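In: Need a 3D model of the following:
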Amino acid sequence: MPGGRLTQPERQQIALGLADGLTYAEIARRLDRPTSTVTREVMRNGGPTTYRADQAHRATERRAHRRVPAAPRNPGTPAQPAQPHGRDAEAVHAYEELFTTVLIQSGTPKMMARVLTCLYTSDAGSLTASELVQRLQVSPASVSKAITFLESQDLVRRERDERRRERYVVDNDVWYQSMIASARGTAQLAEVARQGVGVLGSETPAAVRLENIARFVDFVSESITRAADQAREILHPRPAPTPGDSA
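Out: Residues are numbered from 1 along each chain as shown. Sure thing, here's the model as predicted:
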């Protein structure tokens, strides 16, 4: 299997593979490279829809010229901790970049997407502010701003652990609450659309259009709520109360 940096012809093969709709794994097999190498290359250079071989090659050369040689490790300096469960650190990093890119493309701001990825890929499903700062290598203010936004979208919640530290949590209930919040926002749009019917006159073309919007949005909102309730009941049922529990 070839090692070292990707060559320009290899980057051109990646671009052609993306244009043909091939998966990262298939492109990697054709290049005899690890899938994580291809994934990281694409994510670092605009993602699958905007990847350009020549631009990626020039960007890599610029990064290589700017890179300062790392100082030799002090024999007394501890090595980086190994990934839990025997995971491939390179593959994990590439996957985190991929997940973050997908969140950004779906409309999540970049820092908020990075925080969500950290939380989703942590085994505990929760991290403290200091842990997020350490993992993301950003300022505490950036983490605080991201958490405030995510809380406003019901995508994370806060709780305190046994050491009274504040932790930010993503779990099944948070995802459910986020879907319900989305349905409430959609229902509010329907309500506002119907207010326009009275303002514009119920028989006018504009009012008819708004009423159709309201009906459509009502249907979608009710469907989201019903589906979220059903999914929660089937996939994540709450434990049955024990005989000693009070009502």
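In: ends of stretch 44-52, how far apart?
Out: 11 Å (CA to CA, to the nearest Å).
In: And it, how far out from the chain middle?
Out: Centroid separation between stretch 44-52 and its chain, computed with CA atoms, centre = their mean, to the nearest Å, is 17 Å.
In: Give me the nearest residue to residue 96, chain neighbours excluded.
Out: residue 117 (5.3 Å; CB to CB, 6 or more residues apart in numbering). C-beta: built from backbone N, CA, C; applies to glycine.
In: just residue 158 next, same as before
Out: Take residue 158 and drop its neighbours on the chain: the residue closest to it by CB to CB, 6+ apart is residue 166, 5.7 Å away.
In: Pull the distance from the worst-scoring helix or strand of the chain on mean pLDDT to the chain's centre.
Out: Across the helices and strands of the chain, mean confidence by mean pLDDT, DSSP states H and E is lowest for helix 53-66: a mean of 77. Distance, stretch centre to chain centre, for helix 53-66: 26 Å (CA atoms, centre = their mean).
In: Residue 123 falls within a strand, correct?
Out: No - using DSSP: H, G, I helix; E, B strand; the rest coil, the assignment for residue 123 is coil, not a strand.
In: Need the phi and psi values for it.
Out: phi -60, psi -40 (degrees, to the nearest 10).
In: measure it to residue 38 for me?
Out: 26 Å (CB to CB, to the nearest Å).
In: what about these two, which has more around it?
Out: More crowded of residue 123 and residue 38, by other CB atoms under 10 Å: residue 38, with 28 against 7.
In: Touching, that one and residue 24? I think so.
Out: Yes - at 4.8 Å, residue 38 counts as touching residue 24 under the criterion of CB atoms under 8 Å.
In: how about the residue lying farthest from the centre of the chain, phi and psi?
Out: Most distant from the centre of the chain: residue 203, at 44.6 Å, with distances by CA atoms, centre = their mean. Note on residue 203: backbone dihedrals following degrees, to the nearest 10 are phi -100, psi 0.
In: Just the strands from this protein, written as ranges.
Out: With DSSP state E as the criterion, the chain has strands at 126-128, 157-160, 166-169.
In: Can you tell me what sits against the last one?
Out: Put plainly, it is strand 166-169. 115, 119, 125-129, 132, 147, 150, 156-161 (CB atoms under 8 Å, 6 or more residues apart in numbering).
In: Sketch out the low-pLDDT regions of this structure for me.
Out: 1-3, 63-84, 238-247 (pLDDT under 70).
In: Of all the residues in stretch 231-239, which ones are buried?
Out: residue 232 (16 or more other CB atoms under 10 Å).
In: Equivalent analysis for stretch 108-115, please.
Out: 108, 111, 112, 113, 114, 115.
In: And stretch 44-63, by the same measure?
Out: Quick answer for stretch 44-63 (16+ other CB under 10 Å): 44, 45, 47, 48, 51, 53, 56, 57, 60.
In: and of the residues you listed, the nearest to residue 104?
Out: Taking CB to CB as the measure, residue 104 sits nearest to residue 47 out of these, at 8.5 Å.
In: what's near enough to touch that closest one?
Out: Counted by CB under 8 Å, 6+ apart, residue 47 has contacts 101, 105.
In: who are the neighbours in contact with the residue sitting nearest the centre point of the chain?
Out: Nearest to the geometric centre of the chain sits residue 103, at 3.9 Å (CA atoms, centre = their mean). Residues near residue 103 by CB under 8 Å, 6+ apart: 112, 113, 116, 117.
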